[in-house]
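[1] structure for this input, please:
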Amino acid sequence: MVDKERLLWSLVECSEQVRLAVIAAERRSLALVVGMGADGAETSGIDRIAEDVALSFFDHLELSVNVLSEEVGLVDRGSSLTVIVDPIDATANATASAELTFPDPSETMHQLAPVAPLYSGQFGFPFYAFSVGAMQDGELIAACVRNLPTGDLFTAVRGGGSRMNGVPIRCEPIQALKDAWISLVRPADEEGLRRAAGLILNSARIRVTGCTALDLCLIASGVLHGFANPNTHWPPNFGEKVVDYAGALLILEEAGGVTSDQYGEPLPLTFDLLARVMPFAASTPELLEAIRQSAR
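    Numbers count the residues shown, from 1 in each chain. Next up is the predicted model:
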């Protein structure tokens, strides 16, 4: 029997090691394309840095685990436990302005400015995450999502509720679209824009952040109320992979939230990194159905 709390704190420690490595990295190296991931997309420098740290952490973990990660794919160690890792969710946010050159901070920093490393997350769009969900016997049992530039930490264990920075969180019970703050994946084409129009026009507020894991966590904490990807599977890579939502899925469920794909079916937890799905999420079943119907 796996000690879920002990496992959770291992995931938390891994997320902190990734955060420190990203902060310490030379900024201009983060956006460099360094390879091709197992998901069929380009691997950036920041993806490689974060994944290398995570893989090393799980290699040395006393508890043996399989690892499914966006860049290397499945590392099968024959364990009954698999951690599903997205080393960097929202790489584009993380690498925003990475090519800019900044002056020596000792010469230009205002006396009231906070002390921060020269190559810190403050220079990107500060909404990207390390996400990991631990699965056993087809069921998520522990999860951790960390906003890397801010350090904010979302956690959950099955049956134990969800927390943000150690404080219990719960979804806001919004049922009507007109009262809901909705996070939206950017429409990729005219069809996606058509499907998104009802949500844009009829919800209380719309946000487009680019980070699925953190969006789901914000629903869990009551800041947002719904999430929708209004696109079809074209272009082919425009859907979400299991690594994008596995960590946040348990956090949202333990906070009382609900999810589905575009057809109303449960989000899959398969190990196929080439599979894509259009997720929908909400704080209540009523709002989930309203969002899904609006985006048809």
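[2] how near is Arg205 to Gly226?
    Distance of Arg205 to Gly226, given as Cβ to Cβ, to the nearest Å: 10 Å. To be clear about C-beta, it is placed using only N, CA and C from the backbone, and glycine gets the same treatment.
[3] hang on, I meant Ala176
    11 Å.
[4] which one's more surrounded, the two?
    Gly226 (27 against 14; other Cβ atoms under 10 Å).
[5] if I look at the more buried one, what pLDDT would I see?
    Gly226 is assigned 98 on the pLDDT scale.
[6] for Gly73, see how far away it is.
    Counting by Cβ to Cβ - Gly226 and Gly73 are separated by 32 Å.
[7] ok, Pro266 next?
    For Pro266, the distance to Gly73 - Cβ to Cβ - is 23 Å.
[8] kindly report the same for Leu7.
    For Leu7 relative to Gly73 (Cβ to Cβ), the value is 22 Å.
[9] ok, those two, which is more surrounded?
    Neighbour count, other Cβ under 10 Å: between Leu7 and Gly73, Leu7 has more, with 21 against 16.
[10] now the more buried one: which helix or strand?
    If you go by DSSP states H and E, Leu7 is part of helix 4-24.
[11] the next helix or strand after that helix: partners in the sheet, and parallel or antiparallel?
    Scanning forward in sequence from helix 4-24 by DSSP H and E, the next helix or strand is strand 33-36. Applying DSSP bridges, strand 33-36 is found paired with strand 42-44 (antiparallel).
[12] so where's the stretch 151-296 of the chain uncertain?
    233-238 (pLDDT under 70).
[13] can you map out the strands along it?
    Under the criterion DSSP state E, counting those that start in this stretch, strands of the stretch 151-296 of the chain are mapped to 153-157, 162-164, 167-169, 181-184, 205-207, 226-228, 258-260, 280-282.
[14] need those in TSV (columns: distance to Ile23).
    Output for these, formatted as TSV (distance: least, Cβ to Cβ, whole Å):
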stretch	distance to Ile23
strand 153-157	15
strand 162-164	21
strand 167-169	24
strand 181-184	26
strand 205-207	25
strand 226-228	28
strand 258-260	31
strand 280-282	29
